[in-house]
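Trainee: Model the following, please.
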Amino acid sequence: MPEFLKLRTAEEAWEIFLGHFAPVVTAEPCAVIDALDRVLAVAATAPHELPTFVRGTVDGYAVQAADTYGATAGLPAYLDVVAEAPMGARADFTLGPGQAALVHTGGMAPPGADAVIMLEHTNRAGGPLMGAASLQAGFAPFSIEAYRPVAVGENCIQPGEDVRAGDQILPPGHTLRPQDLGGLLAVGITTVQVARPPRVAIVSQGDEVVPPDQAPGPGQVRDINSYTLAGLVRRAGGIPLTYPIAPDQQDALNAAVRTAFDQADMVVITAGSSVSYRDLTANAINQLGKPGVLVHGVAIRPGKPTILAVCDGKPAFGLPGNPVSCINIFQQFATPTIRLLLGARPPRVHTVPARLARNISAASGRADFVRVRLETRDGETWAVPVFGKSNLIYTLVRSEGVIAVPLNSNGIPAGSEVVVTLDA
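Mentor: Got it, this is the predicted structure:
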């Protein structure tokens with residue numbers, strides 16, 4: 001087992017962890033209508049082209065484009081409107097030279113037409129036309145002036161223009177958005193193979209920790225880590241499994257962690273990761289399987305006493321008990337691990353530029369993550385540090401994002417341009 005609290009940079013710790021972790025994505029079927037925010041495990045492929053017919057994109061008249069060439073307001077082209085293209089059905093007529101058919105947005109262009117001229121670029125010249133034969137029973141022909149030419153294919157979508165048969169619509173690892181559901185249903189895909197959400201066990205420990213619905217006694221605090229971490233698990237795409245608070249006794253913690261480990265794909269333990277006589281988490285993790293603890297101590301503030309482990313192929317993490325540290329480390333390591341178990345592409349990080357409102361100092365040998373809130377002053381965005389010890393939950397509640405201060409930095413002076421990573 002590595003030496004306790006041999007500090008690694010975040011990058012080193014993650015590299016060591018990945019060297020021992022080989023995530024396996026398990027696929028399961030899911031109805032598309034229920035698949036919002038699920039991650040595709042298998043690529044979605046178009047079974048046919050879309051659209052499957054020449055489709056008009058405007059209200060107007062289907063024409064042969066050559067009949068409009070040279071048309072102007074002063075010298076319009078005259079066309080006989082001899083039919084109306086039905087919506088939701090194929091036209092039972094074919095347009096000839098000099099003829100047009102009334103069409104509606106989204107309708108199928110009739111055979112013989114190769115363009116659609118917008119209604120706004122025409123004038124009705126007269127009608128009904130006594131000498132013109134209708135191509136459609138019950139339709140009274142009339143004449144129009146077209147005062148603008150159209151090109152072949154104008155105001156039409158061609159078959160396969162949106163997607164072709166056999167095209168990959170969406171790749172594996174893609175998180176399904178509302179528009180993706182529409183795209184899948186448009187080509188008749190009603191079921192997709194998605195990644196089974198990993199089950200993430202959350203074990204909080206401490207003799208001083210009591211459930212939130214219980215009034216704390218002297219020296220006691222309510223359990224908040226279990227529930228904030230459960231929310232982060234859901235945000236990352238996993239299923240949280242919470243357990244009763246484990247006492248500060250090695251045998252009891254070992255039993256609680258073993259139960260959680262056997263029921264989950266990943267285990268997160270909060271508190272008990274500091275090096276002291278109460279350092280129980282590392283021991284509990286090491287009894288789960290090999291290789292066990294890989295990293296114990298990361299050069300991050302807040303969050304130094306962090307454990308990264310892999311036990312018989314399953315990831316396990318020991319997080320600090322203080323809420324700010326706990327959440328910071330979870331987002332650094334546990335969230336991307338859940339995404340790996342989903343086979344998901346890394347999520348986009350949402351950032352905003354801002355000007356720093358106060359000096360931020362830096363600790364030598366550690367990367368700092370400073371919580372901030374955002375204010376607008378004279379049209380400019382300012383990042384105001386929310387200072388507080390790592391056991392103060394309202395440091396998180398009152399903030400909106402975080403500024404990363406690089407390792408071995410001298411800090412950041414007030415007035416500097418900074419990048420704020422927003423909370424998810």
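Trainee: Arg8 contacts His296, correct?
Mentor: No: look at Arg8 against His296 with Cβ atoms under 8 Å: they stay out of range, at 9.0 Å. To be clear about C-beta, it is placed using only N, CA and C from the backbone, and glycine gets the same treatment.
Trainee: which of these two has more neighbours?
Mentor: His296 (27 against 22; other Cβ atoms under 10 Å).
Trainee: What segments of the protein are helices?
Mentor: 10-18, 178-186, 225-236, 250-263, 281-286, 323-329, 335-342, 394-397 (DSSP state H).
Trainee: most neighbours per residue, which of those helices?
Mentor: Highest mean neighbour count among these (mean count of other Cβ atoms under 10 Å): helix 323-329, with a mean of 26.
Trainee: So which elements touch that one?
Mentor: helix 225-236, strand 314-319, helix 394-397 (3 or more Cβ pairs under 8 Å, 6 or more residues apart in numbering; DSSP states H and E).
Trainee: how about the helices of the chain in CSV, adding distance to Leu422?
Mentor: Shown next, in CSV, are the helices of the chain (distance: least, Cβ to Cβ, whole Å):
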stretch, distance to Leu422
helix 10-18, 19
helix 178-186, 21
helix 225-236, 13
helix 250-263, 31
helix 281-286, 31
helix 323-329, 14
helix 335-342, 14
helix 394-397, 13
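Trainee: Turn those helices into a markdown table, columns for distance to Gly107 and mean pLDDT.
Mentor: Below are the helices of the chain laid out as a markdown table (distance: least, Cβ to Cβ, whole Å; pLDDT from 0 to 100):
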| stretch | distance to Gly107 | mean pLDDT |
| --- | --- | --- |
| helix 10-18 | 54 | 95 |
| helix 178-186 | 17 | 97 |
| helix 225-236 | 44 | 94 |
| helix 250-263 | 56 | 96 |
| helix 281-286 | 65 | 94 |
| helix 323-329 | 54 | 87 |
| helix 335-342 | 42 | 96 |
| helix 394-397 | 55 | 76 |
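Trainee: So for Arg196, which of those sits nearest?
Mentor: Nearest to Arg196 among these is helix 335-342 (8.5 Å), distances taken as Cβ to Cβ.
Trainee: what about the closest one, distance to the chain center?
Mentor: 13 Å (Cα atoms, centre = their mean, to the nearest Å).
Trainee: Same check on stretch 49-63?
Mentor: 33 Å.
Trainee: Stretch 105-122: how far from the chain's middle?
Mentor: With Cα atoms, centre = their mean, you get 39 Å for stretch 105-122.
Trainee: what about that stretch, how long is it end to end?
Mentor: With Cα to Cα, to the nearest Å applied, stretch 105-122 spans 16 Å between its terminal residues.
Trainee: What of stretch 408-423?
Mentor: 25 Å.
Trainee: Same question for stretch 317-325.
Mentor: Chord length of stretch 317-325, first to last residue, is 13 Å (Cα to Cα).
Trainee: Can you say which of the helices and strands packed on helix 323-329 is nearest to Leu253?
Mentor: For Leu253, the closest of the helices and strands packed on helix 323-329 is strand 314-319, at 10.9 Å, according to Cβ to Cβ.
Trainee: Which neighbouring elements make contact with the biggest strand by length in the chain?
Mentor: Of all segments of type strand in the chain, defined using DSSP state E, the longest is strand 367-377. Packing partners of strand 367-377 (3+ Cβ pairs under 8 Å, 6+ apart): strand 300-301, strand 351-356, strand 380-385, strand 401-405.
Trainee: Go through those and find the least confident stretch.
Mentor: Ranked by mean pLDDT, the helices and strands packed on strand 367-377 bottom out at strand 300-301, with a mean of 82.
Trainee: Other residues contacting that one?
Mentor: 10, 306, 328-329, 332, 363, 366-369 (Cβ atoms under 8 Å, 6 or more residues apart in numbering).
Trainee: what's near enough to touch the nearest residue to Glu154 once chain neighbours are set aside?
Mentor: Leaving aside its sequence neighbours, Glu154 sits nearest to Ala115 (Cβ to Cβ, 6 or more residues apart in numbering; 4.7 Å). Contacts for Ala115 (Cβ under 8 Å, 6+ apart) come out as 62-65, 68, 150-156.
Trainee: Could you do Asp368 as well?
Mentor: Counting by Cβ under 8 Å, 6+ apart, Asp368 has contacts 300-301, 360, 362, 404-405, 409.
Trainee: and if we set it to 10 Å?
Mentor: By Cβ atoms under 10 Å, 6 or more residues apart in numbering, the contact set of Asp368 is 300-302, 360-362, 402-407, 409, 411-412.
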